[in-house]
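Colleague: This is the structure alone, sequence omitted:
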């Protein structure tokens, strides 16, 4: 999978709640492994919170990115 495929991808937490979209990817340049992803949290129009999630907290990547953790997005 290419980095451009991850950018803008929908992110679901462990409860399958839509929490936002991938806005950036931090990766190891020597081996191409993802270190962290930045997620723009889905809140309201005026709020643009962003969080970093370590690769160990990613369960799977496919049509969407599924996390192993719950993100309280209130």
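Modeller: Yep, that arrived. Quick caveat, the model's predicted, so the values are computed rather than measured. Numbers count the residues shown, from 1 in each chain.
Colleague: Low-confidence ranges, this structure, go.
Modeller: 44-47, 73-74 (pLDDT under 70).
Colleague: For stretch 50-61, measure first residue to last.
Modeller: Stretch 50-61 has an end-to-end distance of 19 Å (C-alpha to C-alpha, to the nearest Å).
Colleague: cool, stretch 41-50 as well?
Modeller: Termini of stretch 41-50 sit 6 Å apart (C-alpha to C-alpha).
Colleague: need the helices for this protein, in chain order.
Modeller: Listed in chain order, the helices found in the chain under DSSP state H are 3-6.
Colleague: which strand of it spans the most residues?
Modeller: strand 18-27 (DSSP state E).
Colleague: Same question for it: list its buried residues.
Modeller: Neighbour-count burial for strand 18-27 flags 19, 20, 21, 22, 23, 25 (criterion: 16 or more other C-beta atoms under 10 Å). All C-beta atoms are positioned from the backbone trio N, CA, C, and that covers glycine.
Colleague: From residue 1, how far out is the last one?
Modeller: Distance check for residue 25 against residue 1: by C-beta to C-beta, to the nearest Å, it reads 10 Å.
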